[in-house]
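S.K.: Give the three-dimensional model of this entry:
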Amino acid sequence: MKHRLPRNRLLRKELPWLVAEVVLLLILFNANAPELWFWLVVLLVVWGYRVERWWSSRPES
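M.R.: The predicted structure is shown next:
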């Protein structure tokens, strides 16, 4: 009888966001001056969206 490990739904849900953030950081580190501000704003918007989503989904005490 095979035992299957329970799938970590949170990791599967967050993995695309983590990959996107790593890619944005790599782009940010390699960007030249005019592009730097654009990619920094994109990264901050993604982080802001994730923080807002986390804040709204936390359980009420």
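
S.K.: which stretches of the protein have low pLDDT?
M.R.: Applying pLDDT under 70 to the chain picks out residues 1-7, 61.

S.K.: Kindly list the longest helix within it.
M.R.: helix 33-57 (DSSP state H).

S.K.: In the protein, which residue is most central in space?
M.R.: Here the mean C-alpha position of the chain is nearest to the C-alpha of W17 (Cα atoms, centre = their mean), at a distance of 3.2 Å.

S.K.: How is it assigned, secondary-structure-wise?
M.R.: Under DSSP: H, G, I helix; E, B strand; the rest coil, the three-state class of W17 is helix.

S.K.: other SSEs contacting the longest helix of the chain?
M.R.: Counting contacts by 3 or more Cβ pairs under 8 Å, 6 or more residues apart in numbering; DSSP states H and E, helix 33-57 is packed against helix 9-30. (Each C-beta comes from the backbone N, C-alpha and C, glycine too.)

S.K.: buried set for the helix it packs on?
M.R.: For helix 9-30, the neighbour count (16 or more other Cβ atoms under 10 Å) marks L24 as buried.

S.K.: From here on, call the first residue 32.
M.R.: Yep, numbering from 32; the last one is helix 40-61 now.
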